[in-house]
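**Student:** I need the structure of the sequence given here:
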Amino acid sequence: MSLWEYGVDRMILEEMIRIDPQDEYRLGDDQCCLNYPERFPTVEYDLAATADLCRIADRMRAGLGYKPMLGDGSNDDESIDLDGWYNFTIGLNGFSSTKVDASIMFVVVNSDSEDNERAYEIDLCEGEQELIYRLLDRQCLAYFGKGCDALLEEARQAMEEDMKTEE
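**Tutor:** Numbering: from 1, shown residues only. Here you go, the predicted model:
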């Protein structure tokens, strides 16, 4: 299910997607194999665990029978996992046309639940990816002094250097 299908509109999305300013971005690379292997640069960010992101994660996990981390205000302390939290990440890549990964990843952390340390994906449609790219670009400029394209170029240069040393 994409964010739009969870009832997230453009205004909520702008509040929901926040790079965690206390964490650094991570440069890397990945590859896919369609007709031949293709290597491409990546940049990964940790996202702040905003209430709206946590609610979507809670809804996904509740559908599988797990306790929510945040709840909806009607929960009592026994029906909420008070010890756990979520780590959210999103990535840019030099392969897709939107430059944004097709999902927001989250991991269940420090929970007594059976799905502790399990990773989940919140799917993103192309329109969401395009909007998220613009949001991330503004935040990157504010936090790191360079936009998403500059970070992807930095990752591309690092990847090319790695490829030279591998030869």
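**Student:** can we go C-alpha only for contacts and neighbour counts from here?
**Tutor:** Will do.
**Student:** And the longest strand along the chain, what's buried?
**Tutor:** Using DSSP state E to define each element, the chain has its longest strand at strand 37-47. Buried positions in strand 37-47, judged by neighbour count with 16 or more other CA atoms under 10 Å: 39-47.
**Student:** So which other helices or strands are in contact with it?
**Tutor:** Secondary-structure packing of strand 37-47 (3 or more CA pairs under 8 Å, 6 or more residues apart in numbering; DSSP states H and E): strand 26-33, strand 85-93, helix 148-166.
**Student:** between that strand and strand 26-33, how big is the angle?
**Tutor:** Following axes from the mean of the first three to the mean of the last three CA atoms, to 10 degrees, one obtains 140 degrees for the angle between strand 37-47 and strand 26-33.
**Student:** got the angle for the next helix or strand after strand 37-47 vs strand 85-93?
**Tutor:** Per DSSP states H and E, the first helix or strand lying C-terminal to strand 37-47 is helix 51-62. For helix 51-62 against strand 85-93, the angle by the same axes, to 10 degrees is 110 degrees.
**Student:** for helix 51-62, the distance to its chain's centre please.
**Tutor:** Remark: helix 51-62 is offset 14 Å from the chain centroid, using CA atoms, centre = their mean, to the nearest Å.
**Student:** I appreciate the help and will end here.
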